[in-house]
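[1] starting from these lines, generate the structure:
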Amino acid sequence: MKAVLLVAEKEIREGIRNRWVVAATLLLAALALTLAFLGAAPAGRVGAGALEVVVVSLSSLSVFLLPLIALLLSHDAVVGEIERGTLLLLLTYPVARWQVLAGKFLGHVAILGMATLLGYGAAAVALAATGAQVAPAGWWAFACMLGSSVLLGAAFVALGTLASTLVRDRGTAAGIAVGLWLLLVLLWDMGLLGVLVADQGEHLSGGAVDALLLLNPADAYRLFNLAGLADVRMLSGMAALGGESGLTPSLLLAALAAWALLPLGVAAALFSRREL
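    Numbers count the residues shown, from 1 in each chain. This is a model prediction of the structure:
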């Protein structure tokens, strides 16, 4: 475990030196603050809590932005080290290949987690400093959104790491990363909607639709934050879905965790047999 933590520490130091932590934090903080003060303005008039409105806005933003940041961080985790010639040097130390991969994964998740907590946390602190009334349920929804955002980032870090173990050059890894983002964040839901419209409820059952949603970490995240929490789904317009779907919040979180662990396990298995 010590070797894993040392590799993770190395990744965090490199992320700080390369300005990844600062850039991601400033970007998320700027967007979160903008959404907090513009989006929460009408909350009192519609009877909604200010922080619940922010949760809806940030969840809708995060499902696009966090996967992209995660894939940019991780797509060259292995192939980039191979091209620079530093991976062979690292493996001369008493560290196993799976430990290198796990350390890189933890380091990238830590970078993304720090940026998310600091960036989004700044919006919550600023909102509270203005004297906005925030109920305990609002803080709970915000905390759930922060935790699930880190899980979403971890899922796409794992996918980016897996892509990095499959290819021989960084350009191909970058192309796969962009393709994954387009598929899971943009195209999946459009394709699913087209299938549902074509099916017209004749063949696909509710359970089959739920399974298709779980096959996408972005959808699991979106459903958890916008439909899984009772205080938020009334604002997001997904109250009916939250009541009818069999996807409980615990199941959606489990799906996000699985999306983080399974691709990482496959990447470790492939990396252990890869010729360097």
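
[2] the helices in the stretch 51-200 of the chain, which residues?
    Counting by DSSP state H, counting those that start in this stretch, the stretch 51-200 of the chain has helices at residues 79-84, 86-91, 97-129, 136-166, 170-181, 188-199.

[3] could you list the low-pLDDT ranges of the stretch 151-276 of the chain?
    201, 227-246 (pLDDT under 70).

[4] try it again at 90.
    168-169, 189-213, 222-250, 272-276 (pLDDT under 90).

[5] what residues does the spatially most distant residue from the centre of the chain make contact with?
    Distance to the chain centre peaks in the chain at residue 202, reaching 33.7 Å (criterion: C-alpha atoms, centre = their mean). Contacts of residue 202 were listed using C-beta atoms under 8 Å, 6 or more residues apart in numbering, and none were found. For every residue, glycine as well, the C-beta is placed using N, CA and C.

[6] how about residue 268?
    Residue 268 touches 97-98, 101-102, counting by C-beta under 8 Å, 6+ apart.

[7] and the gap between residue 61 and residue 256?
    To residue 256, residue 61 is 17 Å away according to C-beta to C-beta, to the nearest Å.

[8] more neighbours: the two, which one.
    Neighbours were counted for residue 61 and for residue 256 using other C-beta atoms under 10 Å; residue 256 has more, 25 against 17.

[9] ok, and the closest non-adjacent residue to that one?
    Distances taken as C-beta to C-beta, 6 or more residues apart in numbering place residue 151 nearest to residue 256, at 4.1 Å, with adjacent residues excluded.

[10] so that neighbour sits against residue 221, correct?
    Yes. With contact defined as C-beta atoms under 8 Å, residue 151 counts as touching residue 221 (7.4 Å).

[11] those two: which has the busier surroundings?
    More crowded of residue 151 and residue 221, by other C-beta under 10 Å: residue 221, with 28 against 23.

[12] element containing that one?
    Residue 221 belongs to helix 217-226 when assigned by DSSP states H and E.

[13] now do that helix: everything it contacts.
    If you take C-beta under 8 Å, 6+ apart as the criterion, helix 217-226 is touched by 55-56, 59-60, 62-63, 67, 144-145, 148-149, 151-152, 155-156, 184-185, 188-189, 213-214, 232-233, 236, 238, 241, 245, 247, 249, 252-253, 255-256, 259.

[14] pull out the buried residues from these.
    55-56, 59, 62-63, 67, 144-145, 148-149, 151-152, 155-156, 184-185, 188-189, 213-214, 232-233, 236, 238, 245, 247, 249, 252-253, 255-256, 259 (16 or more other C-beta atoms under 10 Å).

[15] next one: residue 30 relative to residue 115, how far apart?
    Using C-beta to C-beta, we find residue 30 at a distance of 12 Å from residue 115.

[16] same thing with residue 178?
    On the measure of C-beta to C-beta, residue 178 and residue 115 end up 21 Å apart.

[17] please say which of the two ends up with more neighbours.
    More crowded of residue 178 and residue 115, by other C-beta under 10 Å: residue 115, with 26 against 14.

[18] residues touching the closest residue to the more buried one other than its chain neighbours, list them.
    Leaving aside its sequence neighbours, residue 115 sits nearest to residue 24 (C-beta to C-beta, 6+ apart; 3.6 Å). Applying C-beta under 8 Å, 6+ apart to residue 24 gives the contacts 69, 111-112, 115, 119.

[19] the nearest residue in space to residue 153 that is not next to it in sequence: how many residues sit nearby?
    Closest residue to residue 153 apart from its sequence neighbours, by C-beta to C-beta, 6+ apart: residue 112 at 4.1 Å. Residues lying near residue 112 (other C-beta under 10 Å) number 27.
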